[in-house]
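**Q** Predicted coordinates and the sequence they were generated for:
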Protein chains: 2
Amino acid sequence: MNLIDKNLLLDQNQEDRAQSIRDSLRDAIIDRRLGPGSKLAEAEVGGLFDVSRTVVRSALQMLAYEGLVRIERNRGAFVSNPTPEEARQVFDTRRLIEPGIVRAATVRISKADIDDLRDHLTLEDRFMNERGPAARRAEIKASGDFHLKIARHSGNAILEKFMDELVARSSLVIALYGRTGVSRCGHSEHRDLLDAMERGDADRACDLMLHHIDHIEADLDLREVAAMTLKDALAT
Amino acid sequence: MNLIDKNLLLDQNQEDRAQSIRDSLRDAIIDRRLGPGSKLAEAEVGGLFDVSRTVVRSALQMLAYEGLVRIERNRGAFVSNPTPEEARQVFDTRRLIEPGIVRAATVRISKADIDDLRDHLTLEDRFMNERGPAARRAEIKASGDFHLKIARHSGNAILEKFMDELVARSSLVIALYGRTGVSRCGHSEHRDLLDAMERGDADRACDLMLHHIDHIEADLDLREVAAMTLKDALAT
DNA sequence: TTGTATATTATTGTATGCAATATCTTCTGC
DNA sequence: GCAGAAGATATTGCATACAATAATATACAA
């Protein structure tokens, strides 16, 4: 378990260490370096980050609140293992929320922000063309970040927080049920979406977003419940 | 500060005390027994509930995560004091989410559940006809619970959690910016909404929900920013 | 060998102690 | 009388100690 970013910890000198541990763990989870079911023992994590269990506990509780970690009393914290049903709920919720976010962002976004998003797209392209698992992880991360950046332009901090949670849960779900890792059409869809936003065509942008979410979900295999629970049992 | 529900604490024997403290505090906040800006000192709360600061801290962190409490480093936890802008974001988000919830609930809800909601409406009526601040508090609480019950029938646990947070934040906002306390037309609107759901008329139910949210927000006075920050400064 | 009971170990839940920070009080100089 | 500084007090942040619970290993009997 080599998931520490000591720089990051020393950087923000003394400013809420629990939060930075939460961020590191979160990255590790959505990057799949920590797979679903992994145990997160307080002492072990504390040792890695060189803090007491108190602060680790705080970080784990945050992750539990956003659904990335499941805490069982007297047993400890584990990376969540969402069921297919929970997976569907994640995407149902995204279908409900993201069109509204895109609509708000389309109205408010500036030219400079559009350019920033275009830069992000080229980054996604780069990862897409690279080989290897590290590139795959980076690709998934960047894909999620695209959605988060749009949410950040919605001008609504609550929606932004909700999207943080939904994107993180999505990554977990994709890690579990993804077929190809990440949908190949995803990036062109991002580009089309951004084009529509730049034109100020909110209706079109909403439509594209809905289809995009459909495509992500369609790339999952949410059937075999039984096989999954078995795998779960063995994975512990 | 007499907000303890010892029964409730003893009831659930040993099963996560932090959570039950969070619930008690949350009720106290949305009931306005703890007004915006109130300080929640760890030692004081711990004394009231007869637990150590450790577990109080955990409860406060949960409340901070759902936005009911603001934690300032080395200063402590305070009941949130949402700005008018944040208030608008709460209702914008509800307008985005609740129609989807109502639509899902309309499809899934059973006759028995409809009856349960009707019982809830008579409860709301009773509080509405009573006098005094206690009845007012109960009225606001019951009004929020109506929305939560509908969310519980959406079949989507994530949306349910989001609504928990949004309803709690709404109560806080109404406490701060409400004119008449609770909108007088609210209850007939609840009834109309439920009627539409019973008929299976999802479109109509969504429409009613949107207007209902508009009415709640219209009953607020979200203008005077300056006056509010002054009051805030004095309230400390 | 397998199943059960018991003892051992490991891990979490909670309380408490100490250091760091903020807040309040008092005092001094103007 | 008031502003500002210095000290006293209170409160939080974090680490640690101990108790409670679960997990594991061992021993024994069928």
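**A** All right, it came through fine.
**Q** Okay, and the beta partners of the residue of chain A found nearest DNA strand C?
**A** Nearest residue of chain A to DNA strand C (Cβ to the nearest atom of the strand) works out as A:Gly76 at 3.2 Å. (Each C-beta comes from the backbone N, C-alpha and C, glycine too.) In this structure, A:Gly76 bridges to A:Glu72 when assessed by DSSP bridges.
**Q** Just list the residues touching it, thanks.
**A** A:Lys39, A:Leu40, A:Ala41, A:Glu42 (Cβ atoms under 8 Å, 6 or more residues apart in numbering or on different chains).
**Q** Report the separation between the closest residue to the third one other than its chain neighbours and chain B.
**A** Spelled out, it's A:Ala41. Leaving aside its sequence neighbours, A:Ala41 sits nearest to A:Gly76 (Cβ to Cβ, 6 or more residues apart in numbering or on different chains; 6.1 Å). Counting by Cβ to the nearest Cβ, to the nearest Å, the separation of A:Gly76 from chain B is 14 Å.
**Q** Just to confirm, what confidence does the model report for A:Gly76?
**A** On the pLDDT scale, A:Gly76 is placed at 95.
**Q** Same check on the one 10 residues further on?
**A** A:Glu86 is assigned a pLDDT of 96 by the prediction.
**Q** Give me the distance between the residue nearest to it when sequence neighbours are not counted and A:Gln89.
**A** Closest residue to A:Glu86 apart from its sequence neighbours, by Cβ to Cβ, 6+ apart: B:Ala157 at 7.2 Å. Using Cβ to Cβ, to the nearest Å, B:Ala157 is found at 6 Å from A:Gln89.
**Q** In terms of packing, which of those two has more residues around it?
**A** Ranked by neighbour count (other Cβ atoms under 10 Å in any protein chain shown), B:Ala157 and A:Gln89 place A:Gln89 first, with 21 against 15.
**Q** Check which helices and strands the helix or strand hosting the more buried one sits against.
**A** Taking DSSP states H and E as the definition, A:Gln89 sits inside helix A:84-108. The contact analysis (3 or more Cβ pairs under 8 Å, 6 or more residues apart in numbering or on different chains; DSSP states H and E) places helix A:84-108 against helix A:133-152, helix A:157-177, helix A:186-199, helix A:202-218, helix B:84-108, helix B:157-177.
**Q** Throw those helices into CSV and include distance to B:Leu123, thanks.
**A** As requested, those are exported to CSV (distance: least, Cβ to Cβ, whole Å):
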stretch, distance to B:Leu123
helix A:133-152, 38
helix A:157-177, 29
helix A:186-199, 46
helix A:202-218, 39
helix B:84-108, 19
helix B:157-177, 16
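**Q** Of all the ones you listed, which one is nearest B:Arg118?
**A** For B:Arg118, the closest of these is helix B:84-108, at 14.5 Å, according to Cβ to Cβ.
**Q** what angle separates that closest one from helix A:84-108?
**A** Orientation check (axes from the mean of the first three to the mean of the last three Cα atoms, to 10 degrees): helix B:84-108 against helix A:84-108 gives 140 degrees.
**Q** Name the nearest residue to A:Arg108, ignoring sequence neighbours.
**A** Leaving aside its sequence neighbours, A:Arg108 sits nearest to A:Gly155 (Cβ to Cβ, 6+ apart; 5.3 Å).
**Q** Next one: the most centrally placed residue in chain A relative to chain B, how far apart?
**A** The residue lying closest to the centre of chain A (Cα atoms, centre = their mean) is A:Ala168, at 2.7 Å. Separation of A:Ala168 from chain B (Cβ to the nearest Cβ) stands at 12 Å.
**Q** contacting residues for that residue?
**A** Contacts of A:Ala168 (Cβ under 8 Å, 6+ apart): A:Arg26, A:Ile29, A:Ile30, A:Glu66, A:Gly67, A:Leu68, A:Gly144.
**Q** what about A:Ala43, neighbour count?
**A** 10.
**Q** ah, wrong one, I meant A:Arg137
**A** Around A:Arg137 there are 20 other residues, counting by other Cβ under 10 Å.
**Q** you'd agree it is up against A:Ile29?
**A** No. Using Cβ atoms under 8 Å, A:Arg137 is not in contact with A:Ile29; the gap is 11.4 Å.
**Q** immediately after the lowest-mean-pLDDT helix or strand in chain A, which helix or strand?
**A** Least confident helix or strand, chain A: helix A:6-11 with a mean of 41, by mean pLDDT, DSSP states H and E. Downstream of helix A:6-11, the first helix or strand assigned by DSSP H and E is helix A:17-30.
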